[in-house]
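> A structural model of the following input is requested.
(2 chains)
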Amino acid sequence: MKIITKIFREEFQLFLLYGVLCTILIVGSVFSPHFRGLENIVNIFAQAVPLGLAAFGQTIVLLTAGVDLSVGGVISISTAICATLIHTKYSSVIIAALGTMLIGIGFGYINGISRTKLGMPPFIATLCTMLISQGVALAILPRPGGYIPSHLLSFIGFEHGAFRLPVVYFFLILAVLFILLRYHPIGRYFYAVGGNLEAARASGLNVDRIIIKAHVLCSFFAALAGLFLVARINSGDPNVGSPFILDSIIAALIGGTTFTGGKGGIIGTTAGVLILGSISNVLNMYSVNPFYQYIVKGLIFAASIFAYSCKRR
Amino acid sequence: MKSSQGPGEVILLMKGISKTFPGVQALKKVDFELKKGEVHALVGENGAGKTTLMNILNGMVQKDEGEILISNKEVEVHTPLDARNMGISFIHQELELILNLTVKENIFLGQELRRGLFRLIDWKAIGTQTEDFLKKLGIHVDPNEKVANLTIAEQQLVEIAKALHIKAKIIVMDEPTSSLTGDDVENLFRIIRDLKRHGYSIIYVSHIMEEIFEISDRITVLRGGNYVGTEVTKHTSQDKIFQMIVGKEVKKRYIREKVKKGAIVLEVKGLSGNGAFQDIHFELRKGELLGIAGLMGSGRTELLETLFGARKIAQGEVFVNGKKVKIKDPESAIKCGFSYISENKRDKGLFPTLNVTKNIVVSTLDQHLGVLGINELSEKSAVLKLIQQLNIKTPSQKQIVAYLSGGNQQKVILARGIKTKPTVVMLNEPTRGIDIGAKVEIYRLLNRLKEEGLGIIMVSSELPEIMGVSDRIIVMSAGKISGFFESSSVTKQEILEAMFKYIGQRGINEDNY
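Numbers count the residues shown, from 1 in each chain, chains lettered A, B, ... in the order given. Modelled structure (predicted):
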């Protein structure tokens, strides 16, 4: 019991976040019979998977006091390549998936190099790759299309009744990342670099390598998010990634990660993603006009940031 | 409370001030009195309550109990703006100027002069007024210069001008000399004396005894949130104040224990850095503390940073335990056995958002890797041992480092440095800005490290500290070694002469000011 109260005190912020999430789910369930169905709840989770992955990557970069605006473009490329590569005769699913991931990682590497070796601010560096990746996506696949064979679908997007394979993947990845951030030195180093770059350097950390790794991980997760999107929409789409740029940042910030780095984590980000997902699900149930959905999203974002700044005072 | 000599009505009276923060009582019925035209020093260890008392005066923190009287009228200070309107102005340790604006823009910020139909800013009037105002204060700074282009000392003077410009009667200075050097300190004191003559009252918060005794009229000491007493500076001694601060009999302010010297652990031959220093030779033995004295810009900091791989070696060789080593970057320096505790601890050493444990183990995570990643149990036991060994005052090993006092933050960084099991520990200004009690603890710790067979290099601007703690002293002047001394036989005069020996031959490296 003592341990529970201790954890509660130390991680009060996370409890609060998940409290808000539960409140949304409960309120939604009370007022809407459609919402409270098991299938709908599971769907909220399944739909949140691509954003969740992108937001994980974004969280890692935010921890190092950076930001990645290229996630949207990388997601788009990822769907475009996947749809085109699988379409050609010689390519198998594996090659398509690997190709996708490699391109993703490549962009992360470029981001990391521009930020460290070329000394570009992360916002600028990733703004460049955002434009480039967007252009590449359009060049590969000018308009939505492409055919995805069913075995890829079942490998990634299998579902049966209330079972959704993507959700299982999601929680597996969450677990692996949680361990990485908490029990692997690199996770510690992300926090250190974001907390105080000079101190990290003086502590003998190879700061450049750590930042590059953060960006590679981020783009890797963006590419992965693209794969999960392909499995859901059954085709490639060169514009599908755009909303993920801001949504991934918003989800991470709602989850308590800060723009200044060194603080936050993926458990909070998961809550942020699910809060965004369940809100838009509830609003869709009541067929609220998408314009107003943006307003609601904005207000929730503002409220969470306000809550954090209150806590600091 | 003893009263001061001469006339002067009481301008500020804080009576029976108490404040409790969650878990700690920061102030217990503290009294403080300030007279017109007086410089009143407020001293005490970190955590003694100085900052809280001043924050209450500034309206940043609300008192639980007690009253504040300004010119015999009871007042309530709820916000910093209230304080400002009552004529109380603060000059903080971290300067609060906008670097990209000019001097005159900073001084008139928020109270720009306007004129004409459209109430536009009257820059011309602001310019001439600033110029007159600065001249009156004896501050020689161009009002049209960007603050970013001024030296730290000049910026500080601008900050004082800004404070006076809002028609303050009471000026609180928090560690105003922490970023100044000799001449600038003198200049600051001249201005403070000037202000005194014009009837301003100054609360002077500082750790540096010599300064307090030079500039203050009275001294009030706080300890652990309690009011200890107020002394008239002329009628008391440094030892007396020192004892009031620490609260117990402390025999010596500096500690140097004789440790049997061992083999040579570090040998530096003909080392030159890019412009900052040339042809440095010295050796360091096991169990020896080597002090490096020198003015700012003498190359002492650059020498340490070069040995730690943060700067490139232009020429020369470094031997550790008789083996020649190649230092490329801090990572390789740590592997060679160096550990460096830098000057600006807050900027260069701490991870403010992380907890004590993570701050201490960040350089040595390899020691705690198990099959399943970081072993938090071994981490915890190692950190708890260091917390005990270094006497780090923290509620737990999980406390966020930003909330520790300066002295304890310094110990956290020391703990990290020791944990790499270094052969040579290099410290740059290890006791700057920390309180006297914590200083003594750091000296004890350095002596313990000597006994454990480490070689220590310490750079310090405080001559008594260098002379009192080191075994041997190197003096650097304009990038060259200008003297080697055994500290048991050296005099202050000899060190000072050596510090100035080569100045003028090469000019002082302006960048380092």
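
> all contacts plus neighbour counts: C-alpha atoms, from now on.
Fine.

> would you mind listing the residues in contact with the most centrally placed residue in chain B?
Nearest to the mean C-alpha position of chain B, counting by CA atoms, centre = their mean, stands B:Gly433 at 2.7 Å. Counting by CA atoms under 8 Å, 6 or more residues apart in numbering or on different chains, B:Gly433 touches B:178, B:207, B:406.

> pull the contacting residues for residue 146.
Because you didn't say which chain, this covers chain A. A:83-84, A:87, A:235-236.

> I was after chain B.
Residues in contact with B:Lys146 (CA under 8 Å, 6+ apart) are B:99-103.

> any idea what it is bridged to?
Per DSSP bridges, residues listed as beta-bridge partners of B:Lys146: B:Thr102.

> hang on, B:Lys411 in a helix?
Yes. Secondary structure of B:Lys411 (DSSP: H, G, I helix; E, B strand; the rest coil): part of a helix.

> on that earlier part again, make TSV from the contacts of B:Lys146 and add neighbour count and pLDDT to it.
Converted to TSV, the contacts of B:Lys146 look like this (neighbours: other CA atoms under 10 Å in any protein chain shown; pLDDT from 0 to 100):
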residue	neighbour count	pLDDT
B:Leu99	15	79
B:Asn100	13	78
B:Leu101	16	79
B:Thr102	19	85
B:Val103	29	90
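
> pick the one among those residues closest to B:Val371.
Nearest to B:Val371 among the contacts of B:Lys146, counting by CA to CA, is B:Leu99 at 50.3 Å.

> got the contact list for the closest one?
By CA under 8 Å, 6+ apart, B:Leu99 lies in contact with B:146-148.

> assign a three-state SS to B:Lys261, would you?
What three-state DSSP gives for B:Lys261 is coil.

> how many neighbours does it have?
If you count neighbours by other CA atoms under 10 Å in any protein chain shown, B:Lys261 ends up with 16.

> per-residue confidence at it?
Predicted confidence (pLDDT) at B:Lys261: the value is 82.

> do A:Val20 as well
Per-residue pLDDT puts A:Val20 at 91.

> need the contact partners of the helix or strand where B:Ile203 lies.
Secondary structure from DSSP states H and E places B:Ile203 in strand B:201-205. Contact with strand B:201-205 is made by B:34-43, B:50, B:169-175, B:195-196, B:212, B:216, as judged by CA under 8 Å, 6+ apart.

> from the residues you listed, which land in helices?
Those of the contacts of strand B:201-205 mapping onto helices are B:50, B:195-196, B:212, per DSSP state H.

> of these, which ones also sit close to chain A?
Among those, no residue lies close to chain A (CA under 8 Å from any CA of the partner chain).

> and which of these is nearest chain A?
For the ones in helices among the contacts of strand B:201-205, the residue nearest chain A by CA to the nearest CA is B:Lys50; the value is 20.4 Å.

> I figured that closest one hits B:Leu222, correct?
Yes. Using CA atoms under 8 Å, B:Lys50 is in contact with B:Leu222, at 7.0 Å.

> the more surrounded of those two?
Neighbours were counted for B:Lys50 and for B:Leu222 using other CA under 10 Å; B:Leu222 has more, 28 against 25.

> helix or strand next in line after the helix or strand of chain A with the lowest mean pLDDT, which one?
Every helix and strand in chain A was compared by mean pLDDT, DSSP states H and E; the lowest is helix A:150-157, with a mean of 69. Using DSSP H and E, the helix or strand that follows helix A:150-157 towards the C-terminus is strand A:159-160.

> contacts only, for residue 224.
You didn't say which chain, so I picked chain A. By CA under 8 Å, 6+ apart, the contact set of A:Leu224 is A:50, A:53, A:75, A:78, A:101.

> please refer instead to chain B.
Contacts of B:Gly224 (CA under 8 Å, 6+ apart): B:26-27, B:47-49.

> can you check the pLDDT for it?
82.

> same question, B:Gly23
pLDDT for B:Gly23: 65.

> circling back: scan the contacts of A:Gly146 and report the most crowded one.
Greatest neighbour count in the contacts of A:Gly146, by other CA under 10 Å, goes to A:Gly236: 29 neighbours.

> now pLDDT too, for the ones in helices among the contacts of strand B:201-205, in JSON lines please.
Shown next, in JSON lines, are the ones in helices among the contacts of strand B:201-205 (pLDDT from 0 to 100):
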{"residue": "B:Lys50", "pLDDT": "88"}
{"residue": "B:Leu195", "pLDDT": "87"}
{"residue": "B:Lys196", "pLDDT": "89"}
{"residue": "B:Ile212", "pLDDT": "91"}
